[in-house]
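Asks: Just need the structure, nothing else, for what follows:
(one chain, ligands or ions: 2)
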Amino acid sequence: MGWSDFFADQVEGDDLDLVPMRIATVHRARMSAFSVDGPVRMMLPPHTNTGDYAVGDWVLVERGTNWLRRRLERRTLLQRRVEGGTAPQLTAANVDTLFIVTSCNADFNVARLERYLALANQAGTRPVIILTKADTVEDSQSYAAQVATLQRGIDCVTLDGRSGEAAAALAPWCGSGQTVALIGSSGVGKSTLLNTLAGPDQDAPQVTGGIRESDAKGRHTTTSRSLHRIAGGGWVIDTPGMRTLHVSDSAEGIDQLFAEITELAPNCRFRDCTHEHEPGCAVQAAVKAGTLDPERLNRWRKLQDENRAKTPVLKGPRGNKR
Ligand SMILES: Nc1nc2c(ncn2[C@@H]2O[C@H](COP(=O)(O)OP(=O)(O)OP(=O)(O)O)[C@@H](O)[C@H]2O)c(=O)[nH]1
Ligand SMILES: [Zn+2]
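Replies: Ligands and ions are numbered 1, 2, ... in the order given. A predicted model of the protein is given here:
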């Protein structure tokens with residue numbers, strides 16, 4: 001299930017009577033988890049804010065009663081700020097590999113892929129770019145070639161998500177105990193991939209099937225994020241299709257994504273060089289020499305600006321403590 005010494009080391013003393021479980025779904029007022037014995041509906045203490053939990057989290061639960069006691073520290077956390085939201089929304093926890101899904105058609109967009117890469121880098125997850133619908137174009141390799149320029153050492157797989165071969169192509173990241181998450185725009189084939197990975201004996205329907213809940217307004221609310229077992233090993237978390245991904249809180253992730261620019265910056269004459277107009281700018285020199293794509297520099301600038309604008313500056317004693 002992805003349990004490791006990292007989590008085991010956090011269990012001590014009184015905790016030893018508790019049962020570790022992995023969160024499978026998070027709803028507004030309810031959460032389900034997988035224990036080694038199967039799916040479990042968790043009992044939540046009053047005032048539990050389910051927004052503090054992410055699919056993929058490890059929690060300790062009271063034996064027999066299934067009361068939630070506490071969450072274990074995360075190894076990785078994918079999160080993003082949504083427009084108007086105060087706190088970042090938790091997308092998935094303890095993910096080893098993020099499958100960034102796009103298709104070989106109009107959805108393919110290098111600037112959008114760079115946003116997802118910044119998110120994955122920041123979260124500490126390994127990004128892999130999955131190009132679906134390779135069966136619909138003759139030159140899927142030209143898409144893969146563009147992907148290769150986006151980040152050093154980036155892995156990229158082109159496939160037909162509906163074919164049985166897709167699972168074999170993704171197997172290197174889906175071994176026993178590994179957790180992958182699927183992210184990407186609506187319609188690129190995430191659900192198709194999920195079904196291909198989960199195989200015919202999905203246990204997810206036992207957890208989510210028929211579980212719906214009315215909120216105060218009488219509407220049904222479900223979250224489409226959930227954890228599923230991969231046939232033959234590993235776990236996959238699907239996430240709802242997102243129209244736009246705003247980048248925030250991701251300075252390190254952006255530095256890693258644009259490593260070629262990050263590494264040039266110390267050679268600029270001014271320490272706070274914006275690489276725009278300053279004399280002695282090593283980045284501009286690289287553009288002139290033809291070793292740095294000016295489009296790439298433009299996209300770096302846009303992402304940097306957006307990240308600064310959308311990342312709240314923490315002030316006062318609370319901010320200092322962080
Ligand atoms: N030809 C082809 N069609 C595909 C492939 N992957 C998905 N499709 C089709 O594309 C359509 C959309 O696929 P979905 O899996 O529903 O897309 P999604 O990303 O889950 O979309 P949301 O649920 O809205 O986020 C379906 O009709 C799939 O059959 C592929 O690799 N090749
Ligand atoms: Zn510079």
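Asks: switch to C-alpha atoms for all contacts and neighbour counts from now on
Replies: Noted.
Asks: Output the set of residues of the stretch 151-300 of the chain in proximity to ligand 1.
Replies: By Cα under 6 Å from any ligand atom, the residues of the stretch 151-300 of the chain that approach ligand 1 are 159-162, 186-192, 240-241.
Asks: In the chain, mark out all the helices, start to finish.
Replies: 5-8, 110-123, 140-148, 165-170, 190-198, 204-208, 251-257, 259-264, 282-288, 294-310, 316-321 (DSSP state H).
Asks: out of these, nearest to residue 54?
Replies: Residue 54 lies closest to helix 110-123 among the helices of the chain, at 13.3 Å (Cα to Cα).
Asks: Give me the angle between that closest one and helix 294-310.
Replies: 50 degrees (axes from the mean of the first three to the mean of the last three Cα atoms, to 10 degrees).
Asks: can I see the domain layout of the chain?
Replies: 5-71, 77-210+220-238, 258-321 (automatic domain parsing).
Asks: Spit out the contact partners of the residue sitting furthest away from the middle of the chain.
Replies: Relative to the centre of the chain, and counting by Cα atoms, centre = their mean, the farthest-placed residue is residue 279 at 39.1 Å. The contact partners of residue 279, by Cα atoms under 8 Å, 6 or more residues apart in numbering, come to residue 269.
Asks: residue ranges with poor pLDDT in the stretch 1-150 of the chain?
Replies: Applying pLDDT under 70 to the stretch 1-150 of the chain picks out residues 85.
Asks: got the contact list for the residue of it found nearest ligand 1?
Replies: Ligand 1 sits closest to residue 133 of the stretch 1-150 of the chain, with a gap of 3.3 Å, by Cα to the nearest ligand atom. Contacts for residue 133 (Cα under 8 Å, 6+ apart) come out as 103-105, 158-161.
Asks: The residues you listed into CSV, with extra columns for distance to residue 175 and neighbour count?
Replies: Below are the contacts of residue 133 laid out as CSV (distance: Cα to Cα, whole Å; neighbours: other Cα atoms under 10 Å):
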residue, distance to residue 175, neighbour count
103, 24, 25
104, 26, 25
105, 30, 16
158, 19, 21
159, 19, 22
160, 21, 19
161, 19, 26
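Asks: which one of those residues is nearest residue 62?
Replies: Comparing the contacts of residue 133 against residue 62 with Cα to Cα places residue 161 closest, at 40.1 Å.
Asks: Spatially nearest residue to residue 150, not counting backbone neighbours?
Replies: Of all residues not flanking residue 150 in the chain, residue 114 sits nearest, at 6.9 Å (Cα to Cα, 6 or more residues apart in numbering).
Asks: Might one say that that neighbour is in contact with residue 257?
Replies: Yes - using Cα atoms under 8 Å, residue 114 makes contact with residue 257 at a distance of 7.4 Å.
Asks: Neighbour count: those two, which is higher?
Replies: residue 257 (24 against 20; other Cα atoms under 10 Å).
Asks: Neighbours of the nearest residue to that one once chain neighbours are set aside, how many?
Replies: Once flanking residues are discounted, residue 257 sits nearest to residue 151: 5.5 Å by Cα to Cα, 6+ apart. Neighbour count for residue 151, taken as other Cα under 10 Å: 17.
Asks: Contact partners for residue 151?
Replies: Here residue 151 is in contact with 257-259 (Cα under 8 Å, 6+ apart).
Asks: Equivalent analysis for residue 246, please.
Replies: The contact partners of residue 246, taken as Cα under 8 Å, 6+ apart, are 80-82, 115, 306.
Asks: And for residue 24?
Replies: The contact partners of residue 24, taken as Cα under 8 Å, 6+ apart, are 31-34, 55-56, 207, 226-228.
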